[in-house]
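Colleague: predicted structure and sequence below. I'll ask about it afterward.
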Protein chains: 2
Amino acid sequence: MDPKSFMEANSKQRLMELFEFLRFPSVSAKSEHKKDVLACAEWLAAHMEKMGVETQIIPTRGHPVVFGNKITSPDKLTVLYYGHYDVQPPEPLELWKTSPFEPTVEGEYMIARGATDDKGQLFTHIKAIEAFLGTGAELPINVKLFIEGEEESGSENTERFINENKQLLKADLAVISDTAQFARNKPAVTYGLRGVAFVEVKVIGPNRDLHSGSFGGAVPNPINILAKIVASLHDKNGRVTIPGFYKDVHPITAWEKKQIKRLPFSQKEFLAKVGTKGLCGEKGYSSLERIWSRPTLDCNGITGGYQGEGGKTIIPSWASCKITMRLVPNQNPVDVINRIDKYIRTICPKYVILEITKHGGTPGVVVPTDGPWLAAAGAAIKRGFGLEPVFIKEGGSIPVVGTFKRVLGLDTLLLGWGQNDDNAHSPNERFSVKDFERGCYSSLALIEELAKARK
Amino acid sequence: MDPKSFMEANSKQRLMELFEFLRFPSVSAKSEHKKDVLACAEWLAAHMEKMGVETQIIPTRGHPVVFGNKITSPDKLTVLYYGHYDVQPPEPLELWKTSPFEPTVEGEYMIARGATDDKGQLFTHIKAIEAFLGTGAELPINVKLFIEGEEESGSENTERFINENKQLLKADLAVISDTAQFARNKPAVTYGLRGVAFVEVKVIGPNRDLHSGSFGGAVPNPINILAKIVASLHDKNGRVTIPGFYKDVHPITAWEKKQIKRLPFSQKEFLAKVGTKGLCGEKGYSSLERIWSRPTLDCNGITGGYQGEGGKTIIPSWASCKITMRLVPNQNPVDVINRIDKYIRTICPKYVILEITKHGGTPGVVVPTDGPWLAAAGAAIKRGFGLEPVFIKEGGSIPVVGTFKRVLGLDTLLLGWGQNDDNAHSPNERFSVKDFERGCYSSLALIEELAKARK
């Protein structure tokens, strides 16, 4: 029996096993679920061990890591699979139509907390590996599986774990399925993520809130000044005005423009989704280009003075705001943070105290579009889905991808089997059974395609 | 015995009577003091009645008004004295060095809640009237005393009371001692107050908080847009940019400039008091001119997005701010509010929803500087204090003064006997016994000077 036939023969069995995995309420954020998280790790380790993967449960300061590996030859490509076995809290429970930890199939979907994020998507790779080991076929790559139990509660120990286990995690490439397809029947390879840089800006004026009648007009007002600062960060074309902000930004390549053009993107649907009256952004770019390939600056929060009901006639003592900048690959977060710091210090009037807190950031990452991995991933998806894959980016960051690059020197292939409307982090999380199946076949094909690409 | 000799003879007696008045914990804001407030009103009414003033306690929906009058001839000038017999809560009690409702003399000060705000200052006028009635001298003016019991809890029923009692309150001029001297030994006549106009501005973007990675750059950010709006309200010279904002603003008169020049105003002391690194405001004006004679615009509060510790990478659904404008006499609050509304609607981009709440306002008031009253008040202070009075304005509003003007057509003389550092509204409220005494003699002289000025 070849691996693909094994996979065909085990369709029902595979779903029943995933359901066992989904039944663990492995909610990492809640201490009352600590035992459940551990039980889930133990089940997963036993399952992998039984498949023939050498597996260990490695403690961290938080929830343990499940680590497996099957190294058959030092000459083969070694792929590091990353995923997480923990899940978001299911609350609010009253909004679930079925029990979150009793997986149920309704129509085309399986419904359970963790179905798509990330147990179901992770499981496709485990089952693809099993298809080789279960048939005695030669696994054409070496595999390592790094499955953490704290992703949904902030991955507090993940960076340290990676730093402390460089040898254990050593590989040629990482693979993660924790993103989504671009749209229904548009399976996607995500080849780039933006980075992020975060600062807080506080303007301090009077030593206490002052009466705006008795002092108004003669004393600096921190809110008005902060507003001027924030307003000065963009020009009328929506470009960030910080000197040198775009210095390291590469122009969008012809290949990338072509990929974006291929996508079924509807401005109208996008508008309906975000619910704004209209859109805006950097002049000269489309919405997807703005989100995927251009750096941005957004205030995430602003606060100052009286915020309750009615009025209070004060000049507040201070005002502050939180600013994040999304960075594209090649921009250095430290450099960008130093530039905004310097610029704000230049434009802020001297009659107030200015406090800028540099919170640091992570750089953007990109999988080289001219290397072998992207093509291999595309070929695997084409075989598994019977559909042309699309190549997309994501405007947000996935911190572990940056850590893999920085600490282990690894590029990461992000393959999404689920959908954006699968209710990840919301009640009634779901995963199309058909997408799960196509994901399994794609994962199987990926092993073969990566091995081929290596040659 | 003439009134002045009566006053000289009764110095100790007068202080003891004021102490009786101060012993009532007439805290209007606290329902547990309701009986104390009433007892205080009853004591005051009895005291005035005993002096020879026809007095009544008039119920309101809240605490009662004490109203007294002594009308001796329809030909005489009728002066309406306004004050309040209620006081601020004394808390925090542990910061008082003596019991707040057991008046104590320490050095040059009497210490008690209400000493300066407003029982002590109000009492100077009551004692001046008594000096005439007690000696059988002819009171050269008609007096009406309108003493409310809710000033420290928002004067909720005062405007209605004035509207419903126009005939009762009918007079030629109002007198209030509820302000302060400009500085030590700088007794002041406050001849103008700024008005106020209040709006709230809300910018609504996405229908929920969006992920700033997945959407940042392509979607309007309400905080960034609100910052642009607020920043657009002032130009680089500190002038308000709303078209027509200064349309009805009169230039500062030569007389006013002269009064301001006479004042011992130290920029350094002012800076120390407000605690800012420097000062700013409308170009071409001094600090006092900015506060007293120029309209201003201040944000009193701003809010939007995530304001807790650390970061949250969102584009917030909305942001809002509270804006008050201080107005000088002749500016119409309704007109100013319509202008800011129109201007913000013009500059706000169309891709967000804009909500402006017009909260209304009150106009500024001024006592004509070329009429007889200001000169009479100055002459009275000169006699009572033996010092040249200063003529000042106040940047804040005293709502009752606006109501007197609007409903009764009355100008108000604001005569301050206390000091700005007398701890009104704070622990250890105090009033210099000497200032109380000089206030009494000035109040006595005021009666004579106003009668003279009438002729």
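Modeller: Here it is on my side, so go on. Numbering: from 1, shown residues only, chains lettered A, B, ... in the order given.

Colleague: go ahead and confirm A:E138 touches A:K76.
Modeller: No - A:E138 is beyond contact range of A:K76, at 9.5 Å (criterion: CB atoms under 8 Å). No exception for glycine: its C-beta is placed from N, CA and C like everyone else's.

Colleague: okay, these two: which has more neighbours?
Modeller: The neighbour comparison of A:E138 against A:K76 (other CB atoms under 10 Å in any protein chain shown) goes to A:K76, with 18 against 13.

Colleague: tally up the residues packed near the residue nearest to the more buried one when sequence neighbours are not counted, please.
Modeller: Distances taken as CB to CB, 6 or more residues apart in numbering or on different chains put A:N142 closest to A:K76, at 4.9 Å, once the chain neighbours are dropped. Residues lying near A:N142 (other CB under 10 Å) number 20.

Colleague: okay, now the domains of chain A?
Modeller: Listed domain ranges for chain A are A:3-193+A:364-454, A:195-249+A:295-361 (source: automatic domain parsing).

Colleague: in three-state terms, label the closest residue in space to A:P140 that isn't next to it in sequence for me.
Modeller: Spatial nearest neighbour of A:P140, excluding adjacent residues (CB to CB, 6+ apart): A:A451 at 3.6 Å. Of the three states, A:A451 takes helix under DSSP: H, G, I helix; E, B strand; the rest coil.

Colleague: how about the contacts made by A:A451?
Modeller: A:K76, A:L77, A:P140, A:I141 (CB atoms under 8 Å, 6 or more residues apart in numbering or on different chains).

Colleague: report pLDDT for it.
Modeller: You'll see A:A451 listed with a pLDDT of 97.

Colleague: how about A:G213?
Modeller: pLDDT, read off for A:G213, is 89.

Colleague: over to A:T241?
Modeller: You'll see A:T241 listed with a pLDDT of 98.

Colleague: how many neighbours does the closest residue to A:P89 other than its chain neighbours have?
Modeller: Take A:P89 and drop its neighbours on the chain: the residue closest to it by CB to CB, 6+ apart is A:V27, 5.1 Å away. Residues lying near A:V27 (other CB under 10 Å) number 25.

Colleague: looking at the stretch 1-150 of chain A, which residue is nearest chain B?
Modeller: Nearest residue of the stretch 1-150 of chain A to chain B (CB to the nearest CB) works out as A:D117 at 14.2 Å.

Colleague: is it true that that residue touches A:G83?
Modeller: No - with contacts counted by CB under 8 Å, A:D117 stays clear of A:G83, the gap being 10.1 Å.

Colleague: return every residue with contacts to both of the two.
Modeller: A:D178.

Colleague: in chain A, what spans have low per-residue confidence?
Modeller: Applying pLDDT under 70 to chain A picks out no residues at all.

Colleague: quick check, central residue of it?
Modeller: A:I398 (3.4 Å; CA atoms, centre = their mean).

Colleague: can you pull out the helices in the stretch 301-450 of chain A?
Modeller: With helices called from DSSP state H, counting those that start in this stretch, the stretch 301-450 of chain A shows them at A:333-347, A:372-385, A:399-403, A:433-454.

Colleague: how near is A:A376 to chain B?
Modeller: Distance of A:A376 to chain B, computed by CB to the nearest CB, to the nearest Å: 27 Å.

Colleague: ok, now which ones touch that residue?
Modeller: A:L446, A:E449, A:L450, A:K452, A:A453.

Colleague: what's the closest of those to B:R239?
Modeller: When the contacts of A:A376 are ranked by distance to B:R239 (CB to CB), A:L446 comes first, at 65.0 Å.

Colleague: and for A:S5, the neighbour number?
Modeller: Neighbour count of A:S5, defined by other CB under 10 Å: 11.

Colleague: now it: how far from A:G134?
Modeller: 11 Å (CB to CB, to the nearest Å).

Colleague: show me where the stretch 101-250 of chain A has helices.
Modeller: A:119-133, A:158-164, A:166-169, A:212-215, A:222-231.

Colleague: from the contact counts, what lies against the fourth one?
Modeller: Helices and strands touching helix A:212-215, by 3 or more CB pairs under 8 Å, 6 or more residues apart in numbering or on different chains; DSSP states H and E, are strand A:314-315, strand B:318-327.

Colleague: run through who's touching the shortest one.
Modeller: Read that as strand A:314-315. By CB under 8 Å, 6+ apart, the list of residues contacting strand A:314-315 reads A:205-206, A:209-212, A:215-216, A:219, A:221-222, A:305-306, B:298, B:300-301.

Colleague: name the strands paired with that strand and say parallel or antiparallel.
Modeller: If you go by DSSP bridges, strand A:314-315 pairs up with strand A:210-211 (antiparallel).

Colleague: can you tell me what sits against the strand it pairs with?
Modeller: Counting by CB under 8 Å, 6+ apart, A:V219, A:T313, A:I314, A:I315, A:S317, B:V274, B:G395, B:G396 sit against strand A:210-211.

Colleague: repeat that with 10 Å
Modeller: Strand A:210-211 is contacted from outside by A:216, A:218-219, A:221, A:312-317, B:273-276, B:298, B:395-396, using CB atoms under 10 Å, 6 or more residues apart in numbering or on different chains.

Colleague: wait, the residue nearest to the centre of chain A touches A:S177, no?
Modeller: No - using CB atoms under 10 Å, A:I398 is not in contact with A:S177, being 11.7 Å away.

Colleague: not counting sequence-adjacent ones, nearest residue to A:H63?
Modeller: Nearest one to A:H63, counting by CB to CB, 6+ apart, is A:G149 at 3.4 Å.

Colleague: likewise A:K4?
Modeller: In this structure, A:K4 finds its nearest non-sequential neighbour in A:L444, 6.5 Å apart by CB to CB, 6+ apart.

Colleague: distance of the one you found from chain B?
Modeller: 30 Å.

Colleague: show me what contacts that residue?
Modeller: A:3-4, A:6-7, A:124-125, A:127-132, A:380, A:383-384.

Colleague: repeat that with 8 Å
Modeller: Contacts of A:L444 (CB under 8 Å, 6+ apart): A:P3, A:K4, A:M7, A:A128, A:A131, A:G384.

Colleague: what's the burial count for the first one?
Modeller: If you count neighbours by other CB under 10 Å, A:P3 ends up with 24.

Colleague: can you tell me how far it is from A:P140?
Modeller: As for A:P3, its distance to A:P140 is 10 Å (criterion: CB to CB).

Colleague: the third one too?
Modeller: Computed with CB to CB, the distance linking A:M7 and A:P140 is 15 Å.

Colleague: who's more crowded, the two?
Modeller: Neighbour count, other CB under 10 Å: between A:M7 and A:P140, A:M7 has more, with 22 against 19.

Colleague: so which helix or strand takes in the more buried one?
Modeller: helix A:3-9 (DSSP states H and E).

Colleague: my guess is A:I392 contacts A:Y191, does it?
Modeller: Yes - using CB under 8 Å as the test, A:I392 is close enough to A:Y191 to be in contact (7.4 Å).

Colleague: and the nearest residue to A:S73 once chain neighbours are set aside, what are its bridge partners?
Modeller: Computed as CB to CB, 6+ apart, the closest residue to A:S73 that is not its neighbour in sequence is A:N142, at 7.0 Å. Counting by DSSP bridges, A:N142 forms beta bridges with A:T78.

Colleague: please list all residues in contact with A:N142.
Modeller: A:N69, A:K70, A:I71, A:T72, A:S73, A:K76, A:L77, A:T78, A:V79, A:A171.

Colleague: can you pull the contacts of the second one?
Modeller: Meaning A:K70. Residues in contact with A:K70 (CB under 8 Å, 6+ apart) are A:G52, A:V53, A:E54, A:I129, A:L133, A:L139, A:N142, A:V143.
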